[in-house]
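*Asks:* Have a look at this fold, sequence not included:
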């Protein structure tokens, strides 16, 4: 990595000489003639190490050190001092300096200190990045999946979350759109503020405007006092509008203004309320079709649809079924105080074969029911709801039209393996391939199976 060192000294010969020495060591080098200029340059993210004289006209090295501790706490500072100011140097060490060097400067010693300081900074940076990645994984872990479709969603969420762009999440009911909204908020700079959720379809049209924007006392019958709406409650945070396609055009206009101007009036009020809100919306409707019908405003659609995330139905990402089922199994086994380790082969095959019209929500309810009904350490076929259990007896493999040969082969192997209860030898025999070939294809396609 190419580091940048800033040398701050009021004596031109010293600062230029040290800068040249650092350049010979392979670093980029900047110079400043006083503490004020040094602070301006060091406030940039490009500076990795500061070497500063203690005594300078104007802002001293000690004052520069204190200012940097507040603005750039991760940047190490090496102070230069004359023999008569060793006590000042020790004070600087107590204030957070990495080390000090006495004048005249021993360039070999300074070079060694610089290497140590930069190595320490790099280690701290790597630890922070690792911690951030771990935290990121925790915040997105509510969305379970390993399919290619879900990996694409994870990638989009990570890229979009740090921005303030509006996001429109589409997909059938029960696919997990709300979990995507949770992840967008939890990975954003707004995560310490409120995530306010509004399920638009659950509110009567007459109440929705008041719920979103609040109302003043006496605005309508029953309005006994002022009430803050969800937009106000989500100030500096995130507002999740679920089933946005269900709202009427009067409310759509007001939402559009709130997004464009970041201001609105409460119902029955005249005062303008200004807010800073990141809006994430979700719908199971085809909003473009709703626009054609005149049910949804085109301008609001484009304002919401800055970034689009489509969550596919579970039947199109069957690779996620084992992970989801296992996660739900652990949750409900613990909740019900049962020692259940997993699903038997026939139950697994049924979970694969079923079409899941209710998507992840239906799978969750299915696993909860199965855990309640299970009598042993494994969920059996008979423990599953009848509609799901019956799918286990249907020896049909469905391959979506338009699938590539590789996708079709992956489905064939996965479904056959499930039908054979995870037995690889029988699976290889049924497919007419060798065990080594099967093992290689399982690895290539990222498929897991019970030995």
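*Replies:* Cool, the structure landed. Keep in mind that this is a model prediction, so the values were computed, not measured.
*Asks:* Count the neighbours of the residue nearest to residue 355 when sequence neighbours are not counted for me.
*Replies:* Among residues not flanking residue 355 along the chain, residue 315 sits closest, at 5.1 Å (Cβ to Cβ, 6 or more residues apart in numbering). (Glycine included, C-beta is placed from N, CA and C.) By other Cβ atoms under 10 Å, 15 other residues sit near residue 315.
*Asks:* Quick check: residue 315 vs residue 168, distance?
*Replies:* Using Cβ to Cβ, to the nearest Å, residue 315 is found at 23 Å from residue 168.
*Asks:* What separation do you get for the closest residue to residue 272 other than its chain neighbours and residue 204?
*Replies:* Leaving aside its sequence neighbours, residue 272 sits nearest to residue 263 (Cβ to Cβ, 6+ apart; 5.2 Å). Separation of residue 263 from residue 204 (Cβ to Cβ): 26 Å.
*Asks:* go on, residue 221?
*Replies:* With distances taken as Cβ to Cβ, residue 221 is found 14 Å from residue 204.
*Asks:* cool, and residue 18?
*Replies:* For residue 18 relative to residue 204 (Cβ to Cβ), the value is 73 Å.
*Asks:* Which residue of these two possesses the greater neighbour count?
*Replies:* Taking other Cβ under 10 Å, residue 18 and residue 204 do not tie; residue 18 has more neighbours (24 against 7).
*Asks:* gap between stretch 280-294 and the chain center?
*Replies:* Computed by Cα atoms, centre = their mean, to the nearest Å, the chain-centroid distance of stretch 280-294 equals 26 Å.
*Asks:* got the phi/psi numbers for residue 240?
*Replies:* In terms of degrees, to the nearest 10, the main-chain angles of residue 240 are phi -100, psi 110.
*Asks:* Which residues does it form beta bridges with?
*Replies:* residue 197, residue 280 (DSSP bridges).
*Asks:* on that earlier part again, so the residue nearest to residue 272 touches residue 277, yeah?
*Replies:* No - assessed by Cβ atoms under 8 Å, residue 263 is found out of contact with residue 277, at 10.8 Å.
*Asks:* So which bits of stretch 405-416 are buried?
*Replies:* By neighbour count on 16 or more other Cβ atoms under 10 Å, the buried set for stretch 405-416 is 409, 410, 411, 413, 414, 415, 416.
*Asks:* Closest one of those to residue 8?
*Replies:* Comparing the buried residues of stretch 405-416 against residue 8 with Cβ to Cβ places residue 410 closest, at 60.7 Å.
*Asks:* What's the separation between the closest one and residue 433?
*Replies:* Applying Cβ to Cβ, the value for residue 410 to residue 433 is 14 Å.
*Asks:* cool, residue 324 as well?
*Replies:* According to Cβ to Cβ, residue 324 stands 29 Å off from residue 433.
*Asks:* before we move on, what about residue 249?
*Replies:* In this view, residue 249 and residue 433 are 59 Å apart by Cβ to Cβ.
*Asks:* Now the residue nearest to residue 355: phi and psi?
*Replies:* Torsion angles, degrees, to the nearest 10, at residue 315: phi -60, psi -20.
*Asks:* got the contact list for the nearest residue to residue 237 once chain neighbours are set aside?
*Replies:* Distance criterion Cβ to Cβ, 6+ apart; nearest residue to residue 237, sequence neighbours excluded, is residue 193 at 3.4 Å. For residue 193, the contact set (Cβ atoms under 8 Å, 6 or more residues apart in numbering) comprises 234, 235, 236, 237, 238.
*Asks:* so residue 193, which of the three states?
*Replies:* coil (DSSP: H, G, I helix; E, B strand; the rest coil).
*Asks:* ok, the spatially closest residue to residue 305 that is not a sequence neighbour - contacts?
*Replies:* Nearest non-adjacent residue to residue 305, counting by Cβ to Cβ, 6+ apart: residue 168, 4.4 Å away. Residue 168 makes contact with 244, 281, 282, 283, 287, 301, 304, 305, 306, 307, 308, 309, according to Cβ under 8 Å, 6+ apart.
*Asks:* hang on, the earlier thing: what about residue 263 and residue 277, which has more around it?
*Replies:* A direct count of neighbours by other Cβ under 10 Å for residue 263 and residue 277 places residue 277 higher, at 23 against 12.
*Asks:* Surely the more buried one and residue 230 touch.
*Replies:* No - in terms of Cβ under 8 Å, residue 277 does not count as a neighbour of residue 230; the distance is 9.0 Å.
*Asks:* Now for the two: what residues contact both?
*Replies:* Common neighbours of residue 277 and residue 230, counting by Cβ under 8 Å, 6+ apart, are residue 239.
*Asks:* Format the contacts of residue 168 as JSON lines; extra columns: neighbour count, pLDDT and distance to residue 125.
*Replies:* Converted to JSON lines, these look like this (neighbours: other Cβ atoms under 10 Å; pLDDT from 0 to 100; distance: Cβ to Cβ, whole Å):
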{"residue": "244", "neighbour count": "26", "pLDDT": "95", "distance to residue 125": "41"}
{"residue": "281", "neighbour count": "29", "pLDDT": "97", "distance to residue 125": "37"}
{"residue": "282", "neighbour count": "26", "pLDDT": "96", "distance to residue 125": "37"}
{"residue": "283", "neighbour count": "23", "pLDDT": "96", "distance to residue 125": "41"}
{"residue": "287", "neighbour count": "21", "pLDDT": "95", "distance to residue 125": "43"}
{"residue": "301", "neighbour count": "20", "pLDDT": "96", "distance to residue 125": "42"}
{"residue": "304", "neighbour count": "26", "pLDDT": "95", "distance to residue 125": "37"}
{"residue": "305", "neighbour count": "15", "pLDDT": "95", "distance to residue 125": "37"}
{"residue": "306", "neighbour count": "15", "pLDDT": "95", "distance to residue 125": "32"}
{"residue": "307", "neighbour count": "17", "pLDDT": "96", "distance to residue 125": "29"}
{"residue": "308", "neighbour count": "11", "pLDDT": "96", "distance to residue 125": "34"}
{"residue": "309", "neighbour count": "20", "pLDDT": "96", "distance to residue 125": "31"}
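*Asks:* Right, I'll call it a day here.
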